[in-house]
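Participant: starting from these lines, generate the structure:
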Amino acid sequence: MESIGSRLKALRASTGMSQQAFAELAGSTQSSINRFENNQAEPPYRVLIWYGDYFDVSVDFLLCRTDKPQGMLYQYEPESLKKRMQDKKEWNLFIEACFEPNTPLNEKLKQAILNLSGGVSE
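Facilitator: Numbering: from 1, shown residues only. Okay, here's the model as predicted:
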């Protein structure tokens, strides 16, 4: 299993920089970089964030929680948002049912009511 240190080392090595040169760039010390890369010390969260920003990888990747550099992508939708969206969909269906298709000003009237009610036009 890959370790945090091996990930950090592989990323640094990909730049061709020595630990000393990389430490100067990162605002750290060569001995700290060495300890992180050899799993002798855990890098603080600020260091992990710096690595993530510098190499354009996620902290999840650095922490070996995923093998995808972009990290784990979540599709989270809170229950309260789901309820509000369902209410809006139902409202839109209701408004749609109240109007006969192809009548003058039909679309403008529906849109005006949807805008007033906070509904979402589709």
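Participant: can you tell me how far the closest residue to residue 50 other than its chain neighbours sits from residue 43?
Facilitator: Counting by Cβ to Cβ, 6 or more residues apart in numbering, residue 50 lies nearest to residue 26, which is 6.0 Å off, once chain neighbours are set aside. (C-beta placed from N, C-alpha, C; glycine too.) Using Cβ to Cβ, to the nearest Å, one gets 10 Å for the distance from residue 26 to residue 43.
Participant: intersection of neighbour lists for these two?
Facilitator: Listed as contacting both residue 26 and residue 43 by Cβ atoms under 8 Å, 6 or more residues apart in numbering are residue 51.
Participant: which one of the two has more residues nearby?
Facilitator: Set residue 26 next to residue 43 and count neighbours by other Cβ atoms under 10 Å: residue 43 wins out with 21 against 16.
Participant: any idea how far residue 9 is from that one?
Facilitator: Separation of residue 43 from residue 9 (Cβ to Cβ): 12 Å.
Participant: can you point me to the longest helix in the protein?
Facilitator: helix 79-97 (DSSP state H).
Participant: poorly predicted segments of the protein, please.
Facilitator: Applying pLDDT under 70 to the chain picks out residues 1, 73-78, 81, 84-85, 91, 94, 99, 101-105, 117-122.
Participant: helices along that one, start to end?
Facilitator: Assigned by DSSP H, the helices in the chain fall at 4-15, 19-26, 30-37, 45-55, 59-62, 79-97, 106-117.
Participant: quick one: closest of these to residue 71.
Facilitator: Residue 71 lies closest, by Cβ to Cβ, to one member of these: helix 59-62, at 4.1 Å.
Participant: and for residue 54, the neighbour number?
Facilitator: Per other Cβ under 10 Å, the neighbour tally for residue 54 reads 14.
Participant: with residue 56 instead?
Facilitator: Number of residues near residue 56 (other Cβ under 10 Å) recorded here: 8.
Participant: same deal with residue 80?
Facilitator: Residues lying near residue 80 (other Cβ under 10 Å) number 8.
Participant: dump the residue contacts of residue 44.
Facilitator: Counting by Cβ under 8 Å, 6+ apart, residue 44 makes contact with nothing.
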